[in-house]
Structures are given as structure tokens and as C-alpha cells.
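Student: model the following, please.
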Amino acid sequence: MKEIPEAIVCEGCDAVYHRAPLHEREIARCPRCGTELDRHPGAQQARILPFTVAALIMFAIANLFPIVEIELRGLRSQTTLTGAVIALAGEGMSLVALLVLATTLLFPLLQLLILVWLLVPLRHHRRVAGFAWLVRAMQSLRPWGMIEVFLLGVLVALVKLSSMATVLPGPALYAFMALTVLLTAVLAFDPRGFWTLAEGATVAAEDASPSPEEAA
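Tutor: The predicted structure follows:
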């Protein structure tokens, strides 16, 4: 199949247009149905890799340190997210434990790892094998990452428990807050920007390779 990088297809009505260069903050829309065709990425392409690395660091802190510490009648108890999943499974709520594990651990971690796997080679003008499949997989995982829902549930629980016991927020709770903000910024990146980065990387790699005359 021949690729035509200068063409763009409307996702709303399948009309084909010639891709025009956009200035900063400009958005191209389909004149037929109004669907967004393309937008200028601005500084997103430069920020997404640092944001992803920062999100991975926050993810590690959020899962290695206690979320909260509860003190009731002289007894203290603290737990991590992994400990909460194990406790749910031990109480016979295996399905709930599996959902928490998938939506707050596995799927967000997979998204971040795929992003790093895609972006680091692009910084060196290389495109990894299975690039298209990985971008689609990351898009499929987006709706299943629910760290913000988990954080909201934790905050509601803390408010209710504060009247019955002494509740001390742990490092993981602050890490979850930072992770929610970082994930929002990272996942707001337009997936079409990956193809723009990939096209630029391919061209840069071709330009960097010596011609047959220079090699001789």
C-alpha cells in the first residue's frame, strides 16, 4: 500500500484533503461536516516525553509507599494500593480486586511504558517495529485507565473516616494527585502527533544517511 503523507482523510465523512501546514494554535476542520482534521501540536511534542517520565516516577511512588495511615484507639494501620488489592481478594471480592488492579495498575502502566517505548527511539530519529499497532493499543487502553476515579474514591473515604479515626495522608496519596495531573497532560496528546513525529523521524534518518556518492 502506497502512503501519501500529504493527504488527510476526514474521520467524519471520509473526504480527502491536501494536508496544509498549520501555524501555532491553528486547527484545520472539514468544510463539509466540521470534523477536526488536524491541529498544530505546539510545544506538546517537546513536553510529552518529560511528562511521561515524570508520570512513571510518580506511578512508582504511588504504588511503593502507603496511601494513608489510620490511627484508631492507639492502633495504627497503613496500606499500599497493592495491599488494598490483596485485601479485597482475601475478603472474597476477587472481581473487584481484579478491576482495581487492571484500571489503576496494569492499564495506566502499560500506557506509560508504550509511550516511553515509542518516544525514546523517535528522539533518535528511529521508529520501533510495530509502531502502528502500539499507537492503536495505547488508544484502546485510554478509556480503561481510571486513576482519577480511584483518587476520588480515596478522598471521599478519607473525609468519611476522619470523623471516626485519625487519618494521615501518606506519600502515595500526594503521588496519586500528581500522577492524575501528569496523566491528564500526557493523554491529552493528539495521537495523530505520533504519525507526524514518525514522519519527521523517517525523513531525518534518511537525510542523515550518506548518499552512495558520499560513501564512495
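Student: excluding chain neighbours, what is closest to the spatially most central residue of the chain?
Tutor: With the centre of the chain defined as its mean C-alpha position, the nearest residue by CA atoms, centre = their mean is Leu187, 4.4 Å away. Computed as CB to CB, 6 or more residues apart in numbering, the closest residue to Leu187 that is not its neighbour in sequence is Arg142, at 6.0 Å. Backbone N, C-alpha and C define where each C-beta goes, glycine included.
Student: residue contacts, the residue nearest to the centre of the chain?
Tutor: 111, 142, 145 (CB atoms under 8 Å, 6 or more residues apart in numbering).
Student: out of the residues you listed, the closest to Leu179 would be?
Tutor: If you rank the contacts of Leu187 by distance to Leu179 using CB to CB, Gly145 comes first, at 10.5 Å.
Student: which non-adjacent residue is nearest Leu101?
Tutor: Going by CB to CB, 6+ apart, Leu101 has Val85 as its nearest residue, at 5.0 Å.
Student: helix, strand, or coil at the one you found?
Tutor: Applying DSSP: H, G, I helix; E, B strand; the rest coil to Val85 yields a three-state assignment of helix.
Student: picking up where we left off before, of the contacts of Leu187, closest to Trp133?
Tutor: Using CB to CB, the contacts of Leu187 come closest to Trp133 at Gln111, 14.5 Å.
Student: counting neighbours, what do you get for the nearest residue to the closest one once chain neighbours are set aside?
Tutor: Once its chain neighbours are removed from consideration, Gln111 has its nearest residue in Leu141; the separation is 5.1 Å (CB to CB, 6+ apart). Counted by other CB atoms under 10 Å, the residues lying close to Leu141 total 17.
Student: residues contacting Leu141?
Tutor: For Leu141, the residues meeting the contact criterion (CB under 8 Å, 6+ apart) are 107, 110-111, 114.
Student: farthest pair within those?
Tutor: Taking CB to CB as the measure, the contacts of Leu141 have their most distant pair in Phe107 and Ile114, spaced 10.7 Å apart.
Student: count of residues packed around Ala188?
Tutor: Ala188 has 10 neighbouring residues, counting by other CB under 10 Å.
Student: for it, what are phi and psi?
Tutor: Taking degrees, to the nearest 10, you get phi -80, psi -10 for the backbone angles of Ala188.
Student: what do you get for Ser163?
Tutor: Torsion angles at Ser163 (phi, psi; degrees, to the nearest 10) stand at phi -80, psi -10.
Student: pLDDT score assigned to the residue nearest to Leu187?
Tutor: Per-residue confidence (pLDDT) for Arg142: 81.
Student: thought it was touching Gln111?
Tutor: Yes: under the contact definition of CB atoms under 8 Å, Arg142 touches Gln111, with a separation of 7.0 Å.
Student: more neighbours, those two?
Tutor: Using other CB under 10 Å, the more surrounded residue of Arg142 and Gln111 is Gln111, with 23 against 13.
Student: distance from stretch 168-187 to the middle of the chain?
Tutor: With CA atoms, centre = their mean, to the nearest Å as the basis, stretch 168-187 stands 13 Å off its chain's centre.
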